[in-house]
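Structure of the sequence below:
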Amino acid sequence: MKQPVPVHVTEAEAAQSTETLYAAGYFLFQQGNFADAAAVFRWMLQVAPTDERSWLALAECHERVHQPWIALELYSTGTVAAEPSARCWLGRGRALSALERPDEAEAAFAEAVRLAQASNDVNLTELVEAVRCGS
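Predicted coordinates for the structure are as follows:
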């Protein structure tokens, strides 16, 4: 049996693949085709496991099809894989709220606020606060 030939991908090629996958997944997501979008985002996770967009997009696909428990697992993994990720903590809080776990949701929102403020990104901080207050 022939051994597979290892494929060597440059950092630039990996980055381009990541952007292409994200664009394709986002297009499918915008069309409401959450199953196919999720498949693309799973591929994106293989190429770029530390890119928070992979975790956020895949988790949101599961939120849209009313699977908050799966979204919670994805957001939770994203908080580690894409650390620091205020957006993953925010999604985690949202999923916990959907699962009616308010104490845990508030702790996740608090961590999202802390990370957003530490990033000095005013827009991100405002987003986190708006979602937190709306939950």
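
Only C-alpha atoms from now on, for both contacts and neighbour counts.
Noted.

Strands of the protein, residue ranges please.
Here the chain has no strands by DSSP state E.

which stretches of it form helices?
11-30, 34-47, 52-64, 68-81, 86-98, 102-119, 122-134 (DSSP state H).

Most tightly packed of these?
Most buried of the helices of the chain, by mean neighbour count (mean count of other C-alpha atoms under 10 Å): helix 86-98, with a mean of 27.

Show me the residue at the heart of the chain, geometrically.
The structure's the chain has its C-alpha centroid closest to residue 56; by C-alpha atoms, centre = their mean the separation is 1.5 Å.

Could you pull up the residues touching residue 17?
residue 47 (C-alpha atoms under 8 Å, 6 or more residues apart in numbering).

One more pass at 10 Å, please.
11, 23, 43, 44, 47, 48 (C-alpha atoms under 10 Å, 6 or more residues apart in numbering).
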